[in-house]
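Chemist: here is a sequence together with a model predicted from it:
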Amino acid sequence: MTPPPDDAVILTRKLTKNYELGVETIHALRDLDLQINRNEFVAIMGPSGSGKSTLLNLIGCLDTPTSGQYWLGGQEVSELDDNELARIRNREIGFVFQTFNLLARTSALHNVELPLIYGGVPARQRNERAEAALEAVGLAERMAHQTNELSGGERQRVAIARALVNEPSIVLADEPTGNLDSRTSSEIMEIIVGLHERGETIILVTHERDISAYAERLIGLKDGYMERDERTNANGGP
């Protein structure tokens, strides 16, 4: 097999995921060939059941494919075991979820420190890095607050800071504005655009056209197949 190009952060070849439900086989993703290069901003769209979440879970090393191959940063990860996948997840991937996935009665700072704790980073260093990540998303004055004292937009900023604190090679955002009002959604997307402008590779799953308009490339899925892959006219937002 030819090794992936140097600038490919993500490369899949005939990536397939099936689920067995009793006697029925669900073909969630079918023979997907995909290359995403360093510093691309990609939006993934499609109707319910199209394979968006399955693809994100495979890219994020949260699941393993039924068949096919997947390289992340030049390393083939499609054959790794759960422990190896966990190490790669913590080191290479930053996750931003629609539901924030924060610890409620814990400070914003501690939430951002969590990936560093899992990575065995010494206390003083992880504190400094977590503070810097929160400052980068405009929460320098709120880092000591518990997350249940923060607004939805502030909690999503904490989630973004947590995604960035390990300096991942890619940021995966799964409906990051789904629980936010339109004004707060725009603020969060401006932060994500800023991350892209500073060199981050962003992969965004959304069902909203105005959110996908921030991306420079749009991938459309339907019934587990890639239906389209096209460049957009993104210039920082809709």
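Modeler: That came through, no problem.
Chemist: part of a strand, is residue 53?
Modeler: No. Under DSSP: H, G, I helix; E, B strand; the rest coil, residue 53 sits outside any strand and is assigned helix.
Chemist: what's the model's confidence in the strand or helix carrying residue 202, averaged?
Modeler: Assessed by DSSP states H and E, residue 202 sits inside strand 201-205. Mean per-residue pLDDT for strand 201-205: 95.
Chemist: which residues in the protein form strands?
Modeler: 8-21, 24-37, 41-45, 67-72, 75-76, 93-97, 170-174, 201-205, 217-222, 225-231 (DSSP state E).
Chemist: can you redo the ones you listed as a markdown table with mean neighbour count and distance to residue 186?
Modeler: For glycine as for every other residue, the C-beta is placed from the backbone atoms N, C-alpha and C. Shown next, in a markdown table, are the strands of the chain (neighbours: other CB atoms under 10 Å; distance: least, CB to CB, whole Å):
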| stretch | mean neighbour count | distance to residue 186 |
| --- | --- | --- |
| strand 8-21 | 17 | 27 |
| strand 24-37 | 16 | 25 |
| strand 41-45 | 23 | 16 |
| strand 67-72 | 19 | 31 |
| strand 75-76 | 14 | 36 |
| strand 93-97 | 22 | 16 |
| strand 170-174 | 23 | 15 |
| strand 201-205 | 24 | 14 |
| strand 217-222 | 19 | 19 |
| strand 225-231 | 13 | 23 |
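Chemist: worst-scoring helix or strand of this protein, pLDDT-wise?
Modeler: helix 82-92 (a mean of 87; mean pLDDT, DSSP states H and E).
Chemist: report the buried residues of it.
Modeler: Neighbour counts over helix 82-92 (16 or more other CB atoms under 10 Å) mark 85, 88, 89, 90, 92 as buried.
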